[in-house]
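J.: got a predicted model here, sequence first, then my questions.
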Amino acid sequence: MKKKLLFAAILVLAILCLAGCSIKYASHYSALMLITTNTPSRAGISFSSFDGTKSFRLNCKTPGTLLSYSGKLDDGNVTVSIDTDGTERELFSLSSKQETASTTALSAKGPVYIIVRSNGKATGGSFSFELQ
């Protein structure tokens, strides 16, 4: 009886631990010729065709760190958002034949989530992000 009770307690604890270890932003997409990279200080995505959401996690070590970003898109619509404090906000949006490059200062240290979302099918895209 003690073994069954102990096993049940361990099972409940394991389920709670696994449920608490969820990813903040889930990626779900269909893509053709997709290349992604994600390290603590850099992230990027290039694709021939993309439809969905791809998220990245960077790690900002000090407040005031600059996030450099660039993006280009041949066709479609893509919105890139950022979350540094639990609130998602738009960083930039691109439509067909547009490109951008800029920097923004991050106000706090900790995880930096970058979310790339297409509004339908997007083609010929390339996006990069780097903490400096």
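T.: Structure's in. What do you need?
J.: got any ranges where this protein has weak pLDDT?
T.: 5-23 (pLDDT under 70).
J.: any idea which helix or strand comes after the longest strand seen in the chain?
T.: Assignment by DSSP state E gives strand 42-60 as the longest strand of the chain. Remark: after strand 42-60, the chain's next helix or strand is strand 66-75, criterion DSSP states H and E.
J.: how far off centre is that next one?
T.: Its chain's average C-alpha position is 14 Å from that of strand 66-75, according to CA atoms, centre = their mean, to the nearest Å.
J.: can we start the residue count at 55 from this point?
T.: Understood, numbering begins at 55; the last thing we discussed is strand 120-129.
J.: list the buried residues for the next helix or strand after that strand?
T.: For strand 120-129, the following helix or strand on the C-terminal side (DSSP H and E) is strand 132-137. If you call a residue buried by 16 or more other CB atoms under 10 Å, then strand 132-137 has these buried ones: 132, 134-137. Using the backbone N, CA and C atoms, a C-beta is placed for each residue, glycine as well.
J.: buried sites along the helix or strand following strand 132-137?
T.: Per DSSP H and E, strand 132-137 leads on to strand 142-148 as the next helix or strand towards the C-terminus. Judged by neighbour count using 16+ other CB under 10 Å, the buried positions of strand 142-148 are 145-148.
J.: I'd like the residues you listed laid out as a markdown table, including distance to residue 127.
T.: Formatted as a markdown table, the buried residues of strand 142-148 follow (distance: CB to CB, whole Å):
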| residue | distance to residue 127 |
| --- | --- |
| 145 | 14 |
| 146 | 11 |
| 147 | 10 |
| 148 | 4 |
